[in-house]
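Trainee: the following block contains a protein sequence and its predicted model.
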Amino acid sequence: MIDLYSYNTPNGRKITVALEEMGLPYRVYVVDITKGQQFEPAFLAISPNNRIPAIVDPDGPDGQPISVFESGAILLYLAGKTGRFLPADARGRVAVTEWLMWQMGGFGPMPGQVHHFLTQPDGPAKEYGFKRYHTETKRLYGVLDKRLAGRDFVATEGEPSIADFAILGWAWRHERHQVPFDDLPNVGAWYARMMARPATAKGFEVALA
């Protein structure tokens, strides 16, 4: 039974989706980041960067418990543990890793800044910050739309990969990003395709707050 420490955020949802898709048993410990619980010593012991999500697997690679923090690292760990959603061949693994890093480096930090500036008081700072990060967020959605042209999934054929789970966690908040899918037909079709998967849908229904 894997212990998941998380909250209802895009990064948190990546992991509930992956755990459901992989059929791994887990239990959730909500870390309420609105109350500063991410700074408590017990959580810092497994997530030294005081960020959710984090997991503890009592059955680690050597049969001993292991903790993993950072959502991308967790996805890679779970894929390695189960042998699922990450191709075995080197070329396929590169493609999945590329798009996972694309999400971690851009399609997450940029819309995250959009979230931040939308909550700021009206004025020049908000206008500048929102325009800067919203423009980049829309560009990233455009990159994703081009990638998905003629494809069912971002980096693999036949079934999704951990890259799809990572990207989906943030696309889930597209309305909050103020990026409709009207001009992103490939993203819209992919999003509907992913959300139609029973395990993925269940991953978004798990109580994280």
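Mentor: The structure has been received and is ready for your questions. Numbering: from 1, shown residues only.

Trainee: how about low-confidence regions in this protein?
Mentor: Applying pLDDT under 70 to the chain picks out no residues at all.

Trainee: show me where it has helices.
Mentor: Along the chain, counting by DSSP state H, helices occupy 10-22, 41-44, 71-82, 90-105, 109-118, 124-147, 162-171, 185-195, 198-205.

Trainee: nearest to residue 29, out of these?
Mentor: Residue 29 sits nearest to helix 41-44 of all the helices of the chain, at 8.8 Å, using C-beta to C-beta. In short, each C-beta sits where N, CA and C put it, glycine included.

Trainee: chain center to that closest one, what's the gap?
Mentor: From the chain centre to the centre of helix 41-44 is a distance of 22 Å (C-alpha atoms, centre = their mean, to the nearest Å).

Trainee: in it, what's buried?
Mentor: Residues of helix 41-44 classed as buried by neighbour count (16 or more other C-beta atoms under 10 Å): residue 43.

Trainee: quick one, domains of this protein?
Mentor: The chain breaks down by automatic domain parsing into domains covering 2-85, 90-197.

Trainee: closest to residue 205 out of the ones you listed?
Mentor: In terms of C-beta to C-beta, the element of those nearest to residue 205 is domain 2-85, at 8.6 Å.

Trainee: quick one: end-to-end length of the closest one, please.
Mentor: Taking C-alpha to C-alpha, to the nearest Å, domain 2-85 runs 18 Å from one end to the other.

Trainee: and if you look at stretch 31-47?
Mentor: 11 Å.
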